[in-house]
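Peer 1: What shape does this take:
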Amino acid sequence: MIMKNYILFALTIICFSFDSYAQDSKLKSGDKKYDGYAYIDAIKTYERVADKGYKSEDLFKRLGNSYYFNSEFEGAAKWYGELFALNASPEAEYYYRYAQSLKAEGQVDKATLIMNEFIARYKNDSRAGRYNDDAHYLDEIRANSGRYKIEDAGINSKYSDYGSFVYDSKIYFASARDTGNFSQRKHKWTGEYFTNIYSADLDAQSGGALKVNKIKSEINSRFHESSPVFTKDGKTVYFTRNNYANGKKGKDAGKITLVRIYQARLENGKWIKVTALPFTSDNYSTAHPSLSPDEKTLYFASDMPGTFGQSDIYKVSINVNGSFGTPINLGKGINTEGKETFPYATSENEIYFASDGYPGLGGLDVFVGQIEDNGTISGIRNLGNDINSPKDDFAYIIDPVSRKGYFSSNKDGGQGSDDIYKFLETRRLKCLQELYGAITDSENGAVLPETKVTLYENQKIINSTVSNTSGQYSFSAECGKTYNVRAEKPDYATKELNITIGKAAGKTNLPIALDKSLCKVAVGDDLGKCFGIKMIYFDLDKSDIRSDALFDLEKILDVLNQHPTMKLDIRSHTDSRATGSYNYSLSDRRVKSTINWLIKNGVDKNRLTGKGYGETQLVNKCADGVICGEEEHQKNRRSQFIVTAL
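Peer 2: Have a look, this model is predicted:
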């Protein structure tokens, strides 16, 4: 698991103040192995010392860390417990690690007590803030669960297998299964064999993995390799490796060989030119590369200078000529004082990653956040307890279309220390609705195919489509959000409507009726229909034109000015309420008021005729004595501008 846990904490060589044990050669041996990251050997030495009754904060810290760094949380919880028994208030990191270890072992109540102490003592630690803000995070995790069908990927061994990538119908992953023919080369940190990159063909029908093969190329070396990612053309691969190239190991100031991201080029069927990326270094680790869908950005994890925690997620631009920009830390919107690693960006502007810095189930959990236009990360959520467990869960990848993917975990029930699982996401984490509707002509209801429809959120374009032959459009919209939908078609006035999506999954219907921007009229047509004028409004029982009706009359005036030979017959109608004689007189007065306004504003009186019809030309059944609703009566109250000459 070393490449999984590649970035280790800054380890300070602590001088012990020993009593009679100070000269214990076994303890000195343990210190040397610990500071050289030989954790397995250090554990054996330290435990032999502890079994003799020796008690020291430094001893218990080192024992706890030795287990914690290898994700062996039972041992970590034991020795951190001894530390807290000796000193009830150690440094912040030990509160957090102790709580994580307890949680991983199912001791949730005790983990909560330790976290509450952590929050009280270290309010400025972002992990304390997140935990405090997400007091009900377990409820959220439960709500996010039950969304996956998970199976063994079919490529696991009794050794560590993790970190997958799918390319060209093959799955690539890291494995420690190569035990060597003549010698067993184990790594001191974990006691496991070194990892190399393997591949397996994927069955086109079942999606299952076939025979596993070790990659035979310069990509694999005598040391650790993992986390391969290929470009779409298959000519470049980025991967993680111990700092080793051209037969030489690079070491930091403490003479430790860390890890770097390398790339290789495919030429004539062979991987050649294995080189470390230019922003990597002997003095810090870089690992677990992931390409953005447009392949212009490389995401990765590192503890380089400027890192907030034990490891952060960074991005670096890939230039057209193949050079690289300057790495950028993704910021505190995603990175914590803990460990963030194994980033994976999708075409939906989501970034999946593993972290122990957010409230979770224990160890590394997998989270997802939204990549905003300005590069910040928002809306981080735990994927739920299908993927996540009290142990380490990481290296999550997903196809945004099929919703199939893989992740790695050392959860109980696996074959090795780490195993790869395949999954099908059966329900999206996001609550989504289908926003749909028909685009029609507002006058005659005819469907309008090939209408451009655009979905906006806060003036930002979310998606765009064209209505089909039935005039239908459809978008995927997030529950609870408010959107604007704009419809555009030649010869029609552009229309934009506002819609708020419901808070539960389902569908929202938003039909859009467009008005013609070029209204064609003939003798006998109602000019008012061009502008949707149904009624010229007057105050009750009065003939004075209301101010809110003047805008509609201005439209009629403009058309008459643009077409000086056009003549109109203006007609006013009422509903059947009140007496027939009163309605006739009222409607006639209103026609005269309308004609007088147009004449006053420059229209020749010879172009205008008009008459009030009262209730004599009802368009429905709502005559005297018939009970009708207000909406039905409204249909009878109307104004008409009938073209009599052109």
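Peer 1: can you list the domains in this protein?
Peer 2: Following automatic domain parsing, one gets these domains for the chain: 25-133, 149-425, 432-514, 527-645.
Peer 1: Please, where are all the strands along the stretch 351-500 of the chain?
Peer 2: Taking DSSP state E, counting those that start in this stretch, the strands of the stretch 351-500 of the chain run over residues 365-371, 377-382, 393-398, 404-409, 419-425, 432-441, 452-457, 460-466, 472-478, 482-488, 495-500.
Peer 1: So which of those is nearest residue 585?
Peer 2: With C-beta to C-beta, the closest approach to residue 585 among the strands of the stretch 351-500 of the chain belongs to strand 432-441: 37.5 Å. Heads up, the C-betas are built off the backbone N, CA and C, glycines and all.
Peer 1: And the contacts of the closest one?
Peer 2: Contact with strand 432-441 is made by 446-448, 451, 453, 455, 467, 470-479, 483, 485, 487, 489, 492, 499, 501-502, 505-514, 516, as judged by C-beta atoms under 8 Å, 6 or more residues apart in numbering.
Peer 1: could you dump that strand to PDB, C-alpha only?
Peer 2: Output in PDB follows, covering the C-alpha atoms of strand 432-441 (Å, rounded to 0.1, in the frame of the first residue of the first chain):
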ATOM      1  CA  LEU A 432     -31.900  15.600 -11.000                       C
ATOM      2  CA  GLN A 433     -35.100  16.300 -12.800                       C
ATOM      3  CA  GLU A 434     -36.000  16.300 -16.500                       C
ATOM      4  CA  LEU A 435     -36.900  19.800 -17.500                       C
ATOM      5  CA  TYR A 436     -38.900  19.400 -20.800                       C
ATOM      6  CA  GLY A 437     -41.600  21.100 -22.900                       C
ATOM      7  CA  ALA A 438     -43.000  21.900 -26.300                       C
ATOM      8  CA  ILE A 439     -42.200  25.000 -28.300                       C
ATOM      9  CA  THR A 440     -45.300  26.200 -30.200                       C
ATOM     10  CA  ASP A 441     -46.600  29.100 -32.100                       C
END
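Peer 1: List the buried residues for that strand?
Peer 2: Neighbour-count burial for strand 432-441 flags 432-433, 435, 437-441 (criterion: 16 or more other C-beta atoms under 10 Å).
Peer 1: With stretch 383-391 instead?
Peer 2: Neighbour counts over stretch 383-391 (16+ other C-beta under 10 Å) mark 383-391 as buried.
Peer 1: Please apply the same query to stretch 280-296.
Peer 2: Within stretch 280-296, the residues that count as buried by 16+ other C-beta under 10 Å are 280-281, 283-292.
Peer 1: Show me which pair in those residues is furthest apart.
Peer 2: Using C-beta to C-beta, the pair of the buried residues of stretch 280-296 lying farthest apart is 283 and 292, separated by 26.9 Å.
Peer 1: now the stretch 351-500 of the chain, which segments are flagged as low pLDDT?
Peer 2: The stretch 351-500 of the chain contains no residues with pLDDT under 70.
Peer 1: follow-up on the earlier one: residue 163: which of the strands of the stretch 351-500 of the chain is closest?
Peer 2: Per C-beta to C-beta, nearest to residue 163 of the strands of the stretch 351-500 of the chain: strand 393-398, 4.5 Å.
Peer 1: Can you give the strand pairings for that closest one, parallel or anti for each?
Peer 2: Sheet pairing here is set by DSSP bridges, and for strand 393-398 it gives strand 404-409 (antiparallel).
Peer 1: how far does the partner strand sit from the chain's center?
Peer 2: 17 Å (C-alpha atoms, centre = their mean, to the nearest Å).
Peer 1: Offset the numbering so it begins at 642, please.
Peer 2: Okay, using 642 as the starting number, the last item reads as strand 1045-1050.
Peer 1: buried ones in that strand?
Peer 2: For strand 1045-1050, by 16+ other C-beta under 10 Å, it's 1046-1050.
Peer 1: Next: stretch 727-735.
Peer 2: For stretch 727-735, the neighbour count (16+ other C-beta under 10 Å) marks 731, 733-735 as buried.
Peer 1: which one among these gets closest to residue 719?
Peer 2: Relative to residue 719, the closest of these is residue 735; by C-beta to C-beta it sits at 13.6 Å.
Peer 1: Now do the same for that closest one: helix, strand or coil?
Peer 2: Secondary structure, DSSP: H, G, I helix; E, B strand; the rest coil: residue 735 is helix.
Peer 1: Spit out the contact partners of it.
Peer 2: Contact analysis of residue 735 by C-beta under 8 Å, 6+ apart lists 702, 705, 721, 724-725.
Peer 1: From residue 906, how far off is residue 983?
Peer 2: Computed as C-beta to C-beta, to the nearest Å, the residue 983 to residue 906 distance reads 25 Å.
Peer 1: Specify which residue of the two has the higher count of neighbours.
Peer 2: Using other C-beta atoms under 10 Å as the criterion, residue 983 and residue 906 rank with residue 983 on top: 29 against 14.
Peer 1: what helix or strand does the more buried one sit in?
Peer 2: Residue 983 is part of strand 981-986, with elements assigned from DSSP states H and E.
Peer 1: residue contacts, residue 1039?
Peer 2: 985, 987, 993, 1045-1046, 1066.
Peer 1: Next, format the strands of the stretch 992-1141 of the chain as JSON lines and append distance to residue 1173.
Peer 2: Output for the strands of the stretch 992-1141 of the chain, formatted as JSON lines (distance: least, C-beta to C-beta, whole Å):
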{"stretch": "strand 1006-1012", "distance to residue 1173": "40"}
{"stretch": "strand 1018-1023", "distance to residue 1173": "41"}
{"stretch": "strand 1034-1039", "distance to residue 1173": "48"}
{"stretch": "strand 1045-1050", "distance to residue 1173": "50"}
{"stretch": "strand 1060-1066", "distance to residue 1173": "47"}
{"stretch": "strand 1073-1082", "distance to residue 1173": "12"}
{"stretch": "strand 1093-1098", "distance to residue 1173": "21"}
{"stretch": "strand 1101-1107", "distance to residue 1173": "25"}
{"stretch": "strand 1113-1119", "distance to residue 1173": "23"}
{"stretch": "strand 1123-1129", "distance to residue 1173": "16"}
{"stretch": "strand 1136-1141", "distance to residue 1173": "12"}
